[in-house]
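K.L.:
return a 3D structure for these sequence lines:
(chains A and B)
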There are 2 protein chains.
Amino acid sequence: MDTWEAYLDEHKDRFIRELEEFLRIPSISGLADHRQHVYKAAEWIEARMAEAGIESVHIMSTGGHPVVYGDWLHAPGKPMVLIYGHFDVQPVDPIDLWESPPFEPVIKDDRIYARGASDDKGNMFIPITVAEGMLKTLGSLPVNVKFLFEGQEEIGSPQLPDFISANKDLLNCDLVVSADGGQWAEDQPALILGTRGLVAVFLDVEGPDHDLHSGVYGGTIANPIHALARIIDSMHDADGRITVEGFYDDVRSLTNEEREQMARVPFDEGDYLRETGAKRLFGEPGFTSHERAWARPTLEVNGIYGGFQEQGMKTVLPSTAHAKITCRLVADQDPSRIVDLLVRHVNRVAPEGVKATTTVAEKGAMPYLVPADHPGLYIAGGVLRDIYGREPYRIRSGGTVPVNFLFLQHLKAYTIVFAFGLRDERIHSPNEFFRLASFMRGQKAYGMLLHRLEGEFKQG
Amino acid sequence: MDTWEAYLDEHKDRFIRELEEFLRIPSISGLADHRQHVYKAAEWIEARMAEAGIESVHIMSTGGHPVVYGDWLHAPGKPMVLIYGHFDVQPVDPIDLWESPPFEPVIKDDRIYARGASDDKGNMFIPITVAEGMLKTLGSLPVNVKFLFEGQEEIGSPQLPDFISANKDLLNCDLVVSADGGQWAEDQPALILGTRGLVAVFLDVEGPDHDLHSGVYGGTIANPIHALARIIDSMHDADGRITVEGFYDDVRSLTNEEREQMARVPFDEGDYLRETGAKRLFGEPGFTSHERAWARPTLEVNGIYGGFQEQGMKTVLPSTAHAKITCRLVADQDPSRIVDLLVRHVNRVAPEGVKATTTVAEKGAMPYLVPADHPGLYIAGGVLRDIYGREPYRIRSGGTVPVNFLFLQHLKAYTIVFAFGLRDERIHSPNEFFRLASFMRGQKAYGMLLHRLEGEFKQG
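P.N.:
Okay, here's the model as predicted:
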């Protein structure tokens, strides 16, 4: 009988054809008229999981885009692993920048080009093929595995929190393995230990109840744009430190070991400035760029508007001015406490003569950080080390992945990101692609991971 | 033989019919497809002036919308008066708020409703009818009169500076009387002594060369919105004083007499706040609201924009942020010096890591102020006092009327605003109207003014 590795190798061409089929479904969760395509992707993955030998496979409704669940639970006494991924994709605009149609996969130079190839269809398909390989050869998996694939990740998983909360028993597990993410480089693995949380607020300043003639009224009435500028400027000092009182109170300090691990990760200032087009680095004093992006909170105004914004000039004293603000949070900051601090700050600094209102724009996301000594990190790190021949970097993401915290909150399980996308694969952009070499390497890695979790993972 | 007053009274109905005819021409200077209507209004007024007995009447080209010139110069040794007005009008949007079509004049309750009724067709038609009345009865005017009516006031008279400069001899005069303006109230006359100047600049801040993901890059690169807020906030202190170095250097101080005259003009704080919807008065300490609006310079951000401005939230670290700024200037500030001070200020305070650029948005306008002892003021004031039975207020306008300074610059003649619009007549808004009573009162006033200029005006 074949080994699972040999099975995967033999069926390689079929897996790639199947991935192409999966990529042809335009499952854009953010566009209302693609709703049925998201559902079609759920049906495709449901059928494919069942074919693989995964059990209890079914589509579950969430109130929004569906999730697909399946499991294989015949390893009594062994760890329970929940594998997560998503089958929805980003929109394709700007469409004219695509060199081939986004939903007609093209293979070129060992890369498969299509929307969702890397994020996340190519990655989430890997563990399904591995389960098939093991079940068709060994007849079993080394550990108990549950699969949870969702169809609303690209729109922020609005119904997922309630869904997870309502299905705690079904999803109960010892460890989550997320197939949504990537590695540092083709020759360099990485473990993502944390993601930042988020709070988003609208800051609205009202002055006069209609736009006034700046000649007639200018100088006699507070200008809401001036007031908004004052409030925004009061939120940072000249060095880039956030000056909202109490903002840093709950920030967990970096240990020396963590700082050393981050310092190991290459950072080329010249490349970074070329990549961003920025004139120089700027940020909270006392921290490196990696530390600023991964382990320090931020407060960024994402948008501002008020008064006359068209071409030319119009001499109005505007009625209102508006800013959209998000804070990225790190352990152990709490979004709701940060909102309170922001509201208090705005109320304290808002000039007289205008009304400044701070409104929570969307549900906050908690920051997420795996304990540095979590056994899942060691096991996954060991697999990556053996496959790449290099010690994985221990990095974090400056972005926000709410689902990681949701699993911790509701299932009391940490998430290990175990995925094989690379940073140049243009996710969310035209000409997204996935390396077929990563697809194969990911299969090998997932197989090794499941085997090692059997022997090495100690349940919490 | 009739007096000119009797003539005006006898022909009243015809004048009103003629005004209706004039108002039917949609001479919107700001809309390209109304160009021929502006020209048609010029032709209408040309013909009408000739009928009145005014001489040398002709349309003159400017490179843009035309002007109409005419004169009557048979009073040797008497003062030379240039009467100014404009026959172009504002656009009519929002059209659905008009109770009757803007170019189909309707008379109701002794008011004539139409776009341009008050600003400025009704007002500029007055001196033409008075000239006709005098020429048809007396056969002469008491002083030498030149008429200059333009067709581009509502778009800022772009070609008028060059036109006046090129036609100094033709327009040469001792005094300009402007038929574009108004009185304080139906029972209260006012003399407008000054208008504020203007400089307009665009302030553009550039950071990264494209919008960045605020999770990935937030905290490591300067945010241009933060930088813009810092620059804007640095332009005023908390009390509303402008903190651009040197900004107030050339401001002419108010005399005690000027302050007393302004204090005589009623100001009801409750009404003002109701009218504007503002929560409270706000402005430069040490000055009343009238003083702030009329005799003190301002710096107002008229518009601001940058980053994500649509509904919802998008977590970008934006590439650029922009503000549109205008300063209203008072005697003896110079627009070009103020621009220099603004540029220097921005360069001084702009945070590192971004590029801040200050660009002049449009040609500046000089502030304008008639000397308080100018004889034209006393003569016009005497006429108004006799007609209204009340001493006119000596006010200023916080707005900007570049033409006043142009006449001073090129013709060395001050302008006395002598017009009869009232503040509730909805100029530039739907349902603009002009009081027929003001039309008649204006005729009487213009006749008296010309007579008194003959006897009382001492040429400079």
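K.L.:
please parse chain A into its domains.
P.N.:
A:4-195+A:369-456, A:197-251+A:297-365 (automatic domain parsing).
K.L.:
including distance to B:Leu19 and mean neighbour count, could the ones you listed go into TSV?
P.N.:
From N, CA and C alone the C-beta is placed, and that goes for glycine too. Output for the domains of chain A, formatted as TSV (distance: least, CB to CB, whole Å; neighbours: other CB atoms under 10 Å in any protein chain shown):
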stretch	distance to B:Leu19	mean neighbour count
domain A:4-195+A:369-456	55	20
domain A:197-251+A:297-365	27	21
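K.L.:
between those domains, which one is closest to B:Ser438.
P.N.:
Using CB to CB as the measure, domain A:197-251+A:297-365 is the one of those that comes nearest B:Ser438, at 20.4 Å.
K.L.:
run the chain-centre distance for the closest one.
P.N.:
Chain-centre distance of domain A:197-251+A:297-365: 26 Å, with CA atoms, centre = their mean, to the nearest Å.
K.L.:
now the element after the strand or helix carrying A:Val205, going C-ward?
P.N.:
A:Val205 belongs to strand A:197-206 when assigned by DSSP states H and E. Remark: after strand A:197-206, the chain's next helix or strand is strand A:212-213, criterion DSSP H and E.
K.L.:
what is that next one packed up against?
P.N.:
strand A:316-317 (3 or more CB pairs under 8 Å, 6 or more residues apart in numbering or on different chains; DSSP states H and E).
K.L.:
hang on, the earlier thing: just the CA trace of the strand holding A:Val205, in CSV.
P.N.:
What follows is strand A:197-206, C-alpha atoms only, in CSV (Å, rounded to 0.1, in the frame of the first residue of the first chain):
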residue,chain,number,x,y,z
GLY,A,197,-6.8,44.1,17.7
LEU,A,198,-8.8,46.9,16.3
VAL,A,199,-11.2,49.6,17.4
ALA,A,200,-12.7,51.9,14.8
VAL,A,201,-14.4,55.2,15.7
PHE,A,202,-16.0,58.0,13.7
LEU,A,203,-15.2,61.5,15.0
ASP,A,204,-17.7,64.1,13.9
VAL,A,205,-17.5,67.8,14.6
GLU,A,206,-20.5,70.1,14.2
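K.L.:
list the strands paired with it, with their directions.
P.N.:
In the sheet, strand A:197-206 lines up against strand A:320-329 (antiparallel), strand A:355-365 (antiparallel) (DSSP bridges).
K.L.:
okay, these in a markdown table with distance to B:Gly139 next?
P.N.:
Below are these laid out as a markdown table (distance: least, CB to CB, whole Å):
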| stretch | distance to B:Gly139 |
| --- | --- |
| strand A:320-329 | 60 |
| strand A:355-365 | 65 |
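K.L.:
and those, which one averages the lowest pLDDT?
P.N.:
Among the strands paired with strand A:197-206, strand A:355-365 has the lowest mean pLDDT, at a mean of 91.
K.L.:
what does that one contact?
P.N.:
Here strand A:355-365 makes contact (CB atoms under 8 Å, 6 or more residues apart in numbering or on different chains) with A:156, A:197-206, A:227-228, A:231, A:324, A:329, A:335-336, A:338-339, A:342-343, A:346-347, A:350, A:400, A:402, A:405, B:279, B:312-313.
K.L.:
what about the nearest residue to A:Ile427 once chain neighbours are set aside, distance to chain B?
P.N.:
Computed as CB to CB, 6 or more residues apart in numbering or on different chains, the closest residue to A:Ile427 that is not its neighbour in sequence is A:Asp119, at 3.8 Å. Per CB to the nearest CB, to the nearest Å, A:Asp119 is found 13 Å from chain B.
K.L.:
can you tell me the SS state at the closest residue to chain B within the stretch 1-150 of chain A?
P.N.:
Of all residues in the stretch 1-150 of chain A, A:Gly30 sits closest to chain B, with a separation of 11.3 Å (CB to the nearest CB). Put simply, A:Gly30 is coil when judged by DSSP: H, G, I helix; E, B strand; the rest coil.
K.L.:
please name the residues that touch it.
P.N.:
Contacts of A:Gly30 (CB under 8 Å, 6+ apart): A:90-91, A:154-155.
K.L.:
and it, what pLDDT?
P.N.:
Per the predicted model, pLDDT is 92 at A:Gly30.
K.L.:
okay, the residue most central in space within chain A: pLDDT?
P.N.:
Taking CA atoms, centre = their mean, the centroid of chain A lies closest to A:Val401, which sits 3.8 Å from it. pLDDT for A:Val401: 88.
K.L.:
what of A:Gln459?
P.N.:
What the model reports as pLDDT for A:Gln459 is 59.
K.L.:
for the stretch 351-460 of chain A, what are the low-confidence residue spans?
P.N.:
A:459-460 (pLDDT under 70).
K.L.:
chain A too?
P.N.:
For chain A, the stretches flagged by pLDDT under 70 are A:1, A:459-460.
K.L.:
which residues touch A:Asn347?
P.N.:
The contact partners of A:Asn347, by CB under 8 Å, 6+ apart, come to A:356, A:358.
K.L.:
pull the CA coordinates from the helix or strand where it lies and hand them back as CSV.
P.N.:
Assigned by DSSP H and E, A:Asn347 belongs to helix A:335-349. Extracted C-alpha coordinates of helix A:335-349, given in CSV (Å, rounded to 0.1, in the frame of the first residue of the first chain):
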residue,chain,number,x,y,z
PRO,A,335,-11.1,47.5,22.7
SER,A,336,-14.0,48.8,24.8
ARG,A,337,-11.6,50.4,27.3
ILE,A,338,-9.7,52.1,24.4
VAL,A,339,-13.0,53.5,23.1
ASP,A,340,-13.8,54.9,26.5
LEU,A,341,-10.3,56.5,26.6
LEU,A,342,-10.9,58.0,23.1
VAL,A,343,-14.3,59.4,24.0
ARG,A,344,-12.9,60.9,27.2
HIS,A,345,-9.9,62.4,25.4
VAL,A,346,-12.1,64.0,22.7
ASN,A,347,-14.5,65.4,25.2
ARG,A,348,-11.5,66.9,27.1
VAL,A,349,-9.8,68.5,24.2
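K.L.:
in three-state terms, label A:Leu193 for me.
P.N.:
Taking three-state DSSP, the label given to A:Leu193 is strand.
K.L.:
mind jotting down where the helices sit in chain A?
P.N.:
A:4-10, A:12-23, A:35-52, A:122-137, A:160-166, A:168-171, A:224-233, A:256-264, A:269-276, A:289-294, A:335-349, A:375-388, A:402-411, A:436-456 (DSSP state H).
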